[in-house]
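sharing a sequence plus its predicted fold:
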Amino acid sequence: MLPQIEDMQNLYDYAGYTLHVCMICDGFDMWDQKAVLIAGTESQINAAFVLNWFTPYISVLTHGLCTVGDEMRQKLADYGYPLYESPIDRLLGEDHKLSGFLLKDGTQVEATTGLINMGSIYHNHYLKGIEGLEWDGENLVTNDMAQTSHSRIFALGDLKKGVNQVSIAVADGTLAATQIWRNIRRASPPRKWEENISPKNLENAVKILKLQPLLVKISEPGLSTPGRGRVALRAN
Ligand SMILES: Cc1cc2nc3c(=O)[nH]c(=O)nc-3n(C[C@H](O)[C@H](O)[C@H](O)COP(=O)(O)OP(=O)(O)OC[C@H]3O[C@@H](n4cnc5c(N)ncnc54)[C@H](O)[C@@H]3O)c2cc1C
């Protein structure tokens, strides 16, 4: 989710360029830069204490969306991260390169990059009525082959519990397609090359029936094993 400001185009000019939504994807681009963390709830502010692996120069913006308790205020102060609670008026910069934020109360916050951590909207409502699906929050739980607890439903990528990355979603697709094929294959009868095996099978069956009494006879004591083979061949 993005913060809603009056001029959304102003936000789109920077989102995906120097203003990011995924710390794992783009954290390294923020290395040692002055960064804002935009959070919509108090708990989302905790991302600051992970983002600081990439840069310690973090300012936290709540865009006026939440109240921040004393404990969190103290923690931010202990880390030296300023907290700004006024709504964002507009983003500053040019050519998609951020230079800061102007807040509604007139404050300017200097920043060349930023992370929006305001949660996600999950388009999963169409699955909510299906029985037998195991959920972890808004994500579906799957096994190693991307299969959910429902035998005919597989979940991939951001929909399933796990890491939200393109490569993971692609790999999930491979796993799911493989398992779906395995399930179909196991339920299907084996396909034989009938033209090759039908007459010969019949012939072999006749031979085995004919040889049965002879094989019993030659297995009696006194006859050596190699002899048995030869007798069988001659009878053939
Ligand atoms: C801004 C941004 C930057 C990112 N940067 C990176 C990055 O640098 N590297 C990286 O690895 N990952 C990145 N990610 C994460 C990555 O994009 C996702 O993890 C990945 O796209 C998940 O793939 P997916 O197939 O599960 O979902 P999606 O790519 O979201 O595809 C789901 C598709 O289903 C469609 N859809 C939804 N509901 C329905 C419906 N009911 N009927 C029909 N169609 C429907 C949607 O329109 C969409 O096209 C980024 C994500 C965002 C938002």
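Perfect, I can see it now.

quickly find the element holding Asp89.
Using DSSP states H and E, Asp89 falls within strand 88-94.

partners of that strand in the sheet?
Looking at strand 88-94 with DSSP bridges, its partner strands are strand 97-103 (antiparallel).

tell me which parts of the chain are close to the ligand?
Contact residues (Cβ under 6 Å from any ligand atom) of the chain with the ligand: 16, 21-22, 25, 123, 126, 156-159, 164-167, 169. Heads up, the C-betas are built off the backbone N, CA and C, glycines and all.

beyond the helix or strand encompassing Asp78, next helix or strand please.
Using DSSP H and E, Asp78 sits within helix 70-79. The first helix or strand that comes after helix 70-79 along the chain, using DSSP H and E, is strand 83-84.

which one of the residues in this structure is closest to the ligand?
Closest contact between the chain and the ligand, by Cβ to the nearest ligand atom, is at Gly157 (2.0 Å).

you'd agree that residue is up against Asn164?
Yes: using Cβ atoms under 8 Å, Gly157 is in contact with Asn164, at 7.3 Å.

if we can go back for a sec, buried among the residues of the chain next to the ligand? Make that a PyMOL selection.
To isolate the buried subset of the residues of the chain next to the ligand in PyMOL, counting by 16 or more other Cβ atoms under 10 Å, use the following:
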select buried, resi 21+156+157+158+159+169
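
and the residues of the chain next to the ligand, which of them are in strands?
Using DSSP state E, no member of those falls within strands.

how about the residue nearest the centre of the chain, what does it touch?
The residue lying closest to the centre of the chain (Cα atoms, centre = their mean) is Gly157, at 3.4 Å. Going by Cβ atoms under 8 Å, 6 or more residues apart in numbering, Gly157 touches Asn164, Ile168, Ala169, Asp172, Gly173.

which residues touch the closest residue to the first one other than its chain neighbours?
Meaning Asn164. Setting aside the residues directly before and after it, Asn164 is nearest to Asp158 in space (Cβ to Cβ, 6 or more residues apart in numbering), at 4.9 Å. Contacts for Asp158 (Cβ under 8 Å, 6+ apart) come out as Ser120, Asn164, Ala169.

shouldn't the last one be in contact with Leu156?
Yes: Ala169 lies in contact with Leu156 (Cβ under 8 Å); the separation is 5.7 Å.

any chance you could list what contacts stretch 112-129?
With contacts defined as Cβ under 8 Å, 6+ apart, stretch 112-129 is touched by 1-3, 14-15, 18-21, 23, 26-27, 29-30, 33-41, 44, 47, 51, 55, 65, 97-99, 133, 138, 140, 153, 158-159.

got the buried residues for that stretch?
Neighbour-count burial for stretch 112-129 flags Thr112, Thr113, Gly114, Leu115, Ile116, Asn117, Met118, Leu127 (criterion: 16+ other Cβ under 10 Å).

pLDDT on that stretch, on average?
Averaging pLDDT along stretch 112-129 yields 96.

restricting to C-alpha, output that stretch in CSV.
C-alpha atoms of stretch 112-129 as CSV (Å, rounded to 0.1, in the frame of the first residue of the first chain):
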residue,chain,number,x,y,z
THR,A,112,17.5,10.6,-1.0
THR,A,113,15.7,7.3,-0.6
GLY,A,114,12.9,5.7,1.4
LEU,A,115,10.9,2.6,2.2
ILE,A,116,7.2,2.4,2.3
ASN,A,117,6.1,-0.2,4.9
MET,A,118,2.3,0.1,5.0
GLY,A,119,1.3,-3.5,4.5
SER,A,120,-0.3,-5.2,1.5
ILE,A,121,-3.8,-5.7,0.1
TYR,A,122,-4.4,-9.4,-0.5
HIS,A,123,-6.7,-10.3,-3.4
ASN,A,124,-7.5,-13.7,-1.9
HIS,A,125,-11.2,-13.3,-0.9
TYR,A,126,-12.2,-15.7,-3.7
LEU,A,127,-10.5,-18.5,-1.8
LYS,A,128,-11.9,-17.7,1.7
GLY,A,129,-15.0,-19.9,1.2
